[in-house]
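Asker: would you be able to build a 3D model of this:
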Amino acid sequence: MPPRKRQHDVLFEPVLVSSAMKRLDRTLRLLADKDVTITLIGESGTGKEILARRVHDLSSRHGKPFIPINCAAIPESLFESELFGHEKGAFTGADQLVRGKIEAANTGTLFLDEIGEMPLNVQAKLLRFLEGRRFMRVGGSTKVVVDVRLVCATLRPLDEEVAAGRFRADLYYRIQGATLEIPPLRERAADLLPLIEELVAERSAKHGVTPPRFSRSVLSMFRAYPWPGNVRELRNTVELLCLLRAGKLVRPEDLPARIRAAAGKSTAAPPSTIEISLDQSLDESIDAIIRAAVELEGGNQSRAAERLQIGLRTVQRHRARAR
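Answerer: Take a look at the predicted model:
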């Protein structure tokens, strides 16, 4: 299967297969073109930046700058300059005017990743900027006016950070627009096999190698593993296997020790029953049944067709449409 075209390589674009991710995507589509602040809550590696880019790409600001800032990676002493920029001579070593991330995001989207890690003194200045969309560079005396859409992300709910005194309540209420939770990969079992399939194709194409094949036992071990690093960890694991087992069958012994250990603690077989929501269309329900049968058969579509007593072409057609 050819890899899906992607604009960014920060994280693999989440496959919207599970009902939770489909609901999340529907909400993002509704909010994307509305100039409301969106805060994404999710564990590391769940794809918060990819979803923030999705909001940007679906909005009227697409084609304009998308500027991400990792608030946890900037030293406190440099944070204000990084955000607002500085004038020449503002401090020792400032030998030229430097525009900050906010100015760079003008007419586009500013993505504040891990906003809960922003220093309190910078939070106060961000609040002032958000009130009027104007600021002064460090060492400057002239106000700069910009038009940006704000998207935030955090590992923990910000109300908990407010209660702990680590986040300003006034800034919290100022950015409290739409708060969306991204479920971890361990709660998105339906997404695992499609993600593996597409990651294998994408990573193999990137490195110019023949895609490896995954045995049923390996896929069972992948299902048994909780993936604490979420999609990022899955991507890195699949990439390594594409390089080490290019064109070959991936065996249990080829997997990292942590995945083998987790499989040894779990003897659960793939589920043979699934839940169908009446909120789904008939086509969506059929897709879910076929997808579950393929997963139960370790990715073998012929055996899935036999299990469901339908034709192989029917399975292939539904799988192609789901992608």
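Asker: could you chop this structure up by domain?
Answerer: 19-181, 195-267, 269-323 (automatic domain parsing).
Asker: residue 48 and residue 215, how far apart?
Answerer: 33 Å (C-beta to C-beta, to the nearest Å). Placement of C-beta: from N, CA and C, glycine included.
Asker: contacts for stretch 103-116, please.
Answerer: 39, 48-49, 52-53, 55-56, 59, 61, 64-72, 84-85, 101-102, 118, 144, 146-156, 158, 161, 166-167, 175 (C-beta atoms under 8 Å, 6 or more residues apart in numbering).
Asker: now the terminal residues of it, how far apart.
Answerer: One end of stretch 103-116 to the other measures 21 Å (C-alpha to C-alpha, to the nearest Å).
Asker: who touches residue 180 in this structure?
Answerer: With C-beta under 8 Å, 6+ apart, residue 180 has these contacts: 24, 27-28, 38-41.
Asker: which members of those are classed as buried?
Answerer: 24, 28, 38-41 (16 or more other C-beta atoms under 10 Å).
Asker: hmm, back to that, now the domains of the chain as CSV including mean pLDDT and distance to residue 187?
Answerer: What follows is these, written out as CSV (pLDDT from 0 to 100; distance: least, C-beta to C-beta, whole Å):
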stretch, mean pLDDT, distance to residue 187
domain 19-181, 91, 7
domain 195-267, 91, 10
domain 269-323, 76, 14
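Asker: assign residue 280 to helix, strand or coil.
Answerer: With DSSP: H, G, I helix; E, B strand; the rest coil as the basis, residue 280 sits in coil.
Asker: so who does it touch?
Answerer: Contact analysis of residue 280 by C-beta under 8 Å, 6+ apart lists 19, 288.
Asker: that one and residue 189: what is the separation?
Answerer: As judged by C-beta to C-beta, residue 280 and residue 189 stand 16 Å apart.
Asker: and for residue 110?
Answerer: 34 Å.
Asker: which one's more surrounded, those two?
Answerer: Neighbour count, other C-beta atoms under 10 Å: between residue 110 and residue 189, residue 110 has more, with 24 against 16.
Asker: state the number of residues packed around the closest residue to that one other than its chain neighbours.
Answerer: Excluding the flanking residues, the one nearest residue 110 by C-beta to C-beta, 6 or more residues apart in numbering is residue 148, at 4.6 Å. When counting by other C-beta under 10 Å, one arrives at 23 neighbours for residue 148.
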